[in-house]
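**Student:** What follows is a predicted structure for the sequence shown.
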Amino acid sequence: MGTIASRAEELLGTAVVATTPVAGGDICTATRLRLSDGTSALVKTRAHAPADFFPSEARGLSWLAEARGVHVPAVLAAEADCLILSWVETGRPSVEAAEHLGRALAVTHRVGAASFGAESDGYIGTLPLPNRTAPTWPEFYATRRVLPYLKLGRDRGSVSAEDAVAVEAVVRRITDLAGPEEPPARLHGDLWSGNVLWGLDGRAWLVDPAAYGGHRETDLAMLALFGLPQLSRVIAAYEDEAPLADGWEDRVALHQLFPLLVHAALFGGGYGARAGEAARSLL
């Protein structure tokens with residue numbers, strides 16, 4: 001079983017009886033651990049990870065768990081070289097799980113945050129995520145979310161000059177486009193569909209957060225970006241618990257600028273063009 005099992009035994013104080021590679025991770029290596037007490041756990045490793053990479057994820061999971069809304073795996077150990085989480089056995093999406101997710105996400109958002117931002121910077125994928133606080137959401141979103149990744153996308157040649165002009169025009173108008181003021185929400189922060197696990201227990205579990213205090217519409221817009229099964233049920237249940245401000249549908253493109261620019265910086269492809277298209281739809 002090798003080094004991963006030995007390291008897990010050291011951190012957990014429990015014998016590992018078997019390890020199995022887990023498919024699907026493109027940033028980290030994921031391994032299922034079968035423990036001597038009959039339970040399973042997930043260990044994540046990444047070669048040459050920054051020292052705060054896994055501790056940052058662990059802090060985000062714990063912060064979300066404190067809200068007692070959405071379900072997240074329990075953090076069993078978090079060190080510079082690995083993260084060990086409770087195992088989530090996956091099943092199929094259901095109407096009931098989707099509706100529960102919508103209500104639970106509303107609860108987590110409503111618990112809120114001390115400010116727009118977080119106490120420390122984090123990561124979005126493999127990229128650093130600046131979280132220095134700002135007094136308003138438009139300022140935070142423009143200066144900590146949109147502009148840093150627009151610059152990185154331009155530097156990497158994945159955002160054209162024309163698309164950058166459109167995004168910059170949105171930034172100049174962001175106060176007008178942002179909608180009614182809302183207090184900081186407790187966000188997952190990277191809530192695309194791949195970070196929703198449909199548990200065999202009939203519940204939805206959220207993984208791989210980039211958590212911070214932000215605008216609640218950002219989480220919902222990210223759920224829509226790559227398509228989530230039963231999304232309409234999630235949104236309806238969310239609104240039953242915490243109605244969204246008028247015009248939220250018109251602001252989806254605004255909240256999707258951030259993840260589109262992150263994807264442009266990370267993967268290139270057509271994401272820069274999609275960011276430009278989203279920006280132009282707002283102008």
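**Tutor:** Arrived safely, thanks for sending.
**Student:** Could you use CA atoms for every contact and neighbour count after this?
**Tutor:** Fine.
**Student:** quick one: low-confidence parts of the protein?
**Tutor:** Within the chain, the stretches with pLDDT under 70 are 1-2, 24-25.
**Student:** now the strands: where do they sit in it?
**Tutor:** Using DSSP state E, the strands found in the chain span residues 16-22, 29-35, 40-45, 75-79, 82-86, 122-124, 127-129, 185-187, 196-198, 204-206, 212-214.
**Student:** how about those, which one is nearest residue 176?
**Tutor:** Taking CA to CA, strand 212-214 is the member of these nearest to residue 176, at 17.3 Å.
**Student:** can you list contacts of that closest one?
**Tutor:** Here strand 212-214 makes contact (CA atoms under 8 Å, 6 or more residues apart in numbering) with 60, 112-118, 131, 137, 184-189.
**Student:** what about residue 277, how many neighbours?
**Tutor:** By other CA atoms under 10 Å, the residues close to residue 277 number 16.
**Student:** Tell me which residues touch it, please.
**Tutor:** residue 163.
**Student:** and the gap between it and residue 176?
**Tutor:** 19 Å (CA to CA, to the nearest Å).
**Student:** How about residue 8?
**Tutor:** Residue 8 is 51 Å from residue 176, by CA to CA.
**Student:** Now do stretch 12-30: distance from first to last residue.
**Tutor:** Taking CA to CA, the first and last residues of stretch 12-30 lie 17 Å apart.
**Student:** Same question for stretch 237-250.
**Tutor:** End-to-end distance (CA to CA), stretch 237-250: 20 Å.
**Student:** Contacts for it, please.
**Tutor:** Here stretch 237-250 makes contact (CA under 8 Å, 6+ apart) with 99, 100, 101, 102, 103, 104, 105, 106, 107, 179, 180, 217.
**Student:** can you list the domains in the protein?
**Tutor:** Per automatic domain parsing, the structural domains of the chain span 2-86, 95-282.
**Student:** so which of the ones you listed is the most packed in?
**Tutor:** domain 95-282 (a mean of 20; mean count of other CA atoms under 10 Å).
**Student:** roughly how far is it from the heart of the chain?
**Tutor:** In terms of CA atoms, centre = their mean, to the nearest Å, the centre of domain 95-282 is found 8 Å from the chain centre.
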